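*Asks:* Pasting the sequence and the predicted model now:
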Amino acid sequence: MADPYVRIEGVTKTFGSAPAVDNVSLDIYRGEIFCLLGGSGSGKTTLLRMLAGFETPTAGRLYIDGQDMTGIAPCERPVNMMFQSYALFPHMTVEKNVAFGLEQEKLSRSEISERVAQILDIVKMTPFLARKPHQLSGGQRQRVALARALVKRPKLLLLDEPLGALDRKLREHTQFELLAIQKSLGVTFIVVTHDQGEAMTLASRIGVMNHGQIVQIGTPLDIYEYPQTKFVADFVGSVNLFEGRLVEDEADHVRIRSEELDAVVYVDHGITSAPDVAVAVAIRPEKIGIDRIRPAGGENVAHGRVKEIAYMGDMSIYIVALDTGKLVRVTLPNVVRRAEDRFVAEERVYLSWHASSPVVLTR
Amino acid sequence: MQALRKHAGRRFVIAVPYLWLTVLFLIPFIIVFKISFSESRMAMPPYAPLIEWRDGVIVGIKLYFANYRFLFTDRLYASAYLYSIKVAAVSTLWCLLIGYPMAYAIARASTAWKNLLLMLIILPFWTSFLLRVYAWIGLLKSNGVINNVLLALGVIHEPLTLMQTDFAVYVGIVYSYLPFMILPLYANLEKHDTTLLEAAADLGARPWRAFLRVTLPLSMPGILAGCLLVFIPAVGEYVIPSLLGRTDQLMIGRVLSDEFFANRDWPVASAVAILILILLVVPIMLFQRVQKSELEAPR
């Protein structure tokens, strides 16, 4: 692989005594959309602010395009940031806001107006160039903020919760626009978000952060289908976690006895772990099937009764209470329109899943 | 019925300040305005009535414009007006130059420091204004604190003349009115969103340019409010120039008081007062416009 465009090397940032970012090392490549995903206080925003230069690392080094960023002021870094609050200058028009960055580069007037016009065209804000920020809607402000950050043609754009202030419909729409713009301009994006849906659709790779550390890096598919820790499995999407004990550990399969599930889980791939160790089995809600009659085969089946049903339109969420008391979440797409065939509350059902579905987690 | 009572309550609330302003400002103003068109005379009261009554019927109104004409013919008044404006303008500028960094520092300080620093700004008000101006005499006079320290340090060999100078008046006004500059500036700067400065830095602006392009324009309402709060009372300032200022050049406030108390020429004194007011109407209206736009500004 090529040299990383952004290299984060053992970076730690402490505020007072508590580390906000704890010894993070990370490589980000040219043209990527890298999402830092984490809850509040996970250190994702602090990491982003260190890249922009607003915070100084307590330890470690940051390199952008091979250049050490230590001691380089924000105004001299080859990066631009789109702020969560957008931070548009309230006393300037849209045009002036976007031109601000170019004016600092001492470009000629004609070049500035040309580039401003070009970028406003890309974000479709040309009709609003004479407006002040308070005369714009949330979505329009978001576009201006994006244009203002992109007009300087940065190689790296930092986006802090870029879609956080938009309503749901607009978010989806803007997500795809953001992707299209990123592709056409070839800018490397680092996006900070707490919204896993946003991270999933935007990112080429996701770094999940917790307590100042990166707990897993991977493609959206990796993160969702192959979480490495209980935290990641639980944070990204919803998941059913069953505590259990490894009873059979072979190269091509394992068996796990779970008291919570009152069943043996057969997993059709090996794991690297010592036998008889405490593990957790993670199964995604959409990977569990519901039947009225017991499916064939003794393993990977559990028995319970439907406790609650949440109808979401495109799918329904069933909360099934096992005989052990454990609650299991199952989602089923509503493939047919007729409601008669669907499961009803208090109905006794069998839950089953494919042997490839469970993820065995030791941490 | 209930709506009516609600209405009455609202009217009452509005009526109180209107009543206050009418009784204590509008009526006195009308009286002063009336006196300024009267002829001076040695009597009690020391001016002639405007309206002549005979048997309950108005037989004549006599408007006497000579008071105003007098103000334009005697150079003393023009010179006092211009000097007052100059003193007020220079003092306002100094207040701004000193007050802006102070207000900025307070607005950026931590909450604990902020409260302490604001307290210190307001603290001088706990001592009488007059006493504080007198204290400056002790500092500025030829055998005062400043001269004695400088002499002892060997910086100077004979005392500087600090009293009865323009410098002393500027010091007195800047010292007294500085809080009126700092407080509105602070109120404005404190509201500023610091991420705007981060955004400016991120877009390549050095701190000084970010200040000029972002902070300064956004603090314009605060600057105007502070300047007017200093300029308007400074123009009519009476105590400070009387105690610290030159004896050969009077400010208009002093002229007004002299006309009234020393000359007992109420009509001319009233005319001077009316002209000060006219002079200040422009900045006062400006101030009101700024306040209005501050209130309407989107957050």
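*Replies:* Received, thanks.

*Asks:* any idea whether the residue nearest to B:Phe65 when sequence neighbours are not counted is helix, strand or coil?
*Replies:* Nearest-residue entry for B:Phe65: B:Phe37, 7.1 Å, with adjacent residues in sequence omitted and distances by CB to CB, 6 or more residues apart in numbering or on different chains. Placement of C-beta: from N, CA and C, glycine included. At B:Phe37 the chain is in coil, as set by DSSP: H, G, I helix; E, B strand; the rest coil.

*Asks:* Tell me how many other residues crowd B:Leu256.
*Replies:* The number of residues packed near B:Leu256 is 22, by other CB atoms under 10 Å in any protein chain shown.

*Asks:* Surely it is within a strand?
*Replies:* No. Counting by three-state DSSP, B:Leu256 is located in no strand; its state is helix.

*Asks:* about what we covered before: return the residues in contact with the residue nearest to B:Phe65.
*Replies:* Residues near B:Phe37 by CB atoms under 8 Å, 6 or more residues apart in numbering or on different chains: B:Leu50, B:Leu63, B:Tyr64, B:Phe65, B:Asn67, B:Pro267.

*Asks:* The longest helix along chain A - contacts with which helices or strands?
*Replies:* Criterion DSSP state H: the longest helix present in chain A is helix A:168-185. Helices and strands touching helix A:168-185, by 3 or more CB pairs under 8 Å, 6 or more residues apart in numbering or on different chains; DSSP states H and E, are helix A:138-150, helix A:196-202.

*Asks:* That helix: which residues count as buried?
*Replies:* Buried residues in helix A:168-185, defined by neighbour count with 16 or more other CB atoms under 10 Å in any protein chain shown: A:Arg171, A:Thr174, A:Gln175, A:Glu177, A:Leu178, A:Ile181, A:Gln182.

*Asks:* Can you list the low-confidence ranges for chain B?
*Replies:* Low-confidence regions of chain B, defined by pLDDT under 70, span residues B:1-6, B:294-299.

*Asks:* Can you list the residue ranges for strands in it?
*Replies:* Here chain B has its strands, by DSSP state E, at B:51-54, B:57-61.

*Asks:* Which one of these lies nearest to A:Ile112?
*Replies:* With CB to CB as the criterion, A:Ile112 lies closest to strand B:57-61 of these, at 66.6 Å.

*Asks:* Mind listing the strands that closest one pairs with, and their directions?
*Replies:* Strands that pair with strand B:57-61, judged by DSSP bridges, come out as strand B:51-54 (antiparallel).

*Asks:* that older thread, just the buried ones from the contacts of B:Phe37?
*Replies:* B:Tyr64, B:Asn67, B:Pro267.

*Asks:* At the contact with chain A, which residues of the stretch 101-250 of chain B appear?
*Replies:* B:193, B:195-196, B:198-206, B:209, B:213-214, B:217-218 (CB under 8 Å from any CB of the partner chain).

*Asks:* roughly how far apart are the residue nearest to B:Phe65 and B:Tyr68?
*Replies:* B:Phe37 sits 9 Å away from B:Tyr68, going by CB to CB, to the nearest Å.

*Asks:* what do you get for A:Pro133?
*Replies:* 51 Å.

*Asks:* Comparing the two, which shows the higher neighbour count?
*Replies:* Ranked by neighbour count (other CB under 10 Å), A:Pro133 and B:Tyr68 place A:Pro133 first, with 20 against 17.

*Asks:* Return the residues in contact with that one.
*Replies:* With CB under 8 Å, 6+ apart, A:Pro133 has these contacts: A:Tyr86, A:Leu88, A:Phe89, A:Pro90, A:Met92, A:Val94, A:Asn97, A:Arg141, A:Val144.

*Asks:* can you do 10 Å?
*Replies:* By CB atoms under 10 Å, 6 or more residues apart in numbering or on different chains, the contact set of A:Pro133 is A:86-94, A:97, A:140-141, A:144-145, B:298.

*Asks:* Could you report the neighbour count for residue 223?
*Replies:* Here I'm looking at chain A. A:Ile223 has 27 neighbours, counted by other CB under 10 Å.

*Asks:* actually chain B
*Replies:* Quick note: B:Ile223 (other CB under 10 Å) scores 20 neighbours.

*Asks:* Might one say that it is in contact with B:Tyr100?
*Replies:* Yes. Taking contacts as CB atoms under 10 Å, B:Ile223 lies within contact range of B:Tyr100: 7.5 Å.

*Asks:* what touches both of the two?
*Replies:* Counting by CB under 10 Å, 6+ apart, the residues touching both B:Ile223 and B:Tyr100 are B:Met181, B:Leu185, B:Leu216.

*Asks:* okay but the second one is in contact with B:Leu216, surely?
*Replies:* Okay, so that is B:Leu185. No. Contact criterion CB under 10 Å: B:Leu185 and B:Leu216 do not qualify, at 11.4 Å.

*Asks:* Who has more neighbours out of the two?
*Replies:* The residue with more neighbours, out of B:Leu185 and B:Leu216, is B:Leu185; 27 against 12, by other CB under 10 Å.

*Asks:* Can you point out the buried residues in the longest helix along chain B?
*Replies:* The single longest helix within chain B, with elements called by DSSP H, is helix B:75-108. Neighbour counts over helix B:75-108 (16+ other CB under 10 Å) mark B:77, B:80-81, B:83-85, B:87-88, B:90-92, B:94-96, B:99-100, B:102-104, B:106-107 as buried.

*Asks:* can you pull the contacts of whichever residue of the stretch 51-200 of chain B sits closest to chain A?
*Replies:* The stretch 51-200 of chain B approaches chain A most closely through B:Ala199 (3.9 Å), counting by CB to the nearest CB. Residues in contact with B:Ala199 (CB under 10 Å, 6+ apart) are A:74, A:80-83, A:85-89, A:97, A:100-101, A:145, A:148-149, B:193, B:205, B:210, B:214.

*Asks:* Tell me the spacing between the most centrally placed residue in chain A and chain B.
*Replies:* With distances taken as CA atoms, centre = their mean, A:Ala199 lies nearest the centre of chain A, 3.0 Å away. For A:Ala199, the distance to chain B (CB to the nearest CB, to the nearest Å) stands at 23 Å.

*Asks:* Neighbours of B:Leu183, how many?
*Replies:* Number of residues near B:Leu183 (other CB under 10 Å) recorded here: 20.

*Asks:* Geometric centre of chain B: which residue is closest?
*Replies:* In chain B, the centroid-proximal residue (CA atoms, centre = their mean) is B:Pro233; its distance is 1.6 Å.

*Asks:* pretty sure that residue contacts B:Met181?
*Replies:* No. B:Pro233 is beyond contact range of B:Met181, at 11.7 Å (criterion: CB under 10 Å).

*Asks:* Report the inter-axis angle for the host helix or strand of A:Cys35 versus helix A:168-185.
*Replies:* Under the criterion of DSSP states H and E, A:Cys35 resides in strand A:33-38. Going by axes from the mean of the first three to the mean of the last three CA atoms, to 10 degrees, strand A:33-38 is angled at 140 degrees with respect to helix A:168-185.

*Asks:* How far off centre is the helix or strand following strand A:33-38?
*Replies:* Using DSSP H and E, the helix or strand that follows strand A:33-38 towards the C-terminus is helix A:44-52. Chain-centre distance of helix A:44-52: 16 Å, with CA atoms, centre = their mean, to the nearest Å.

*Asks:* average pLDDT across helix A:44-52?
*Replies:* Confidence for helix A:44-52, expressed as mean pLDDT, is 93.

*Asks:* Report whether the next helix-or-strand element following that helix contacts chain B.
*Replies:* Proceeding N to C from helix A:44-52, the next assigned helix or strand is strand A:59-64, under DSSP H and E. No. Residues of strand A:59-64 are not located near chain B by CB under 10 Å from any CB of the partner chain, the shortest gap being 13.6 Å.
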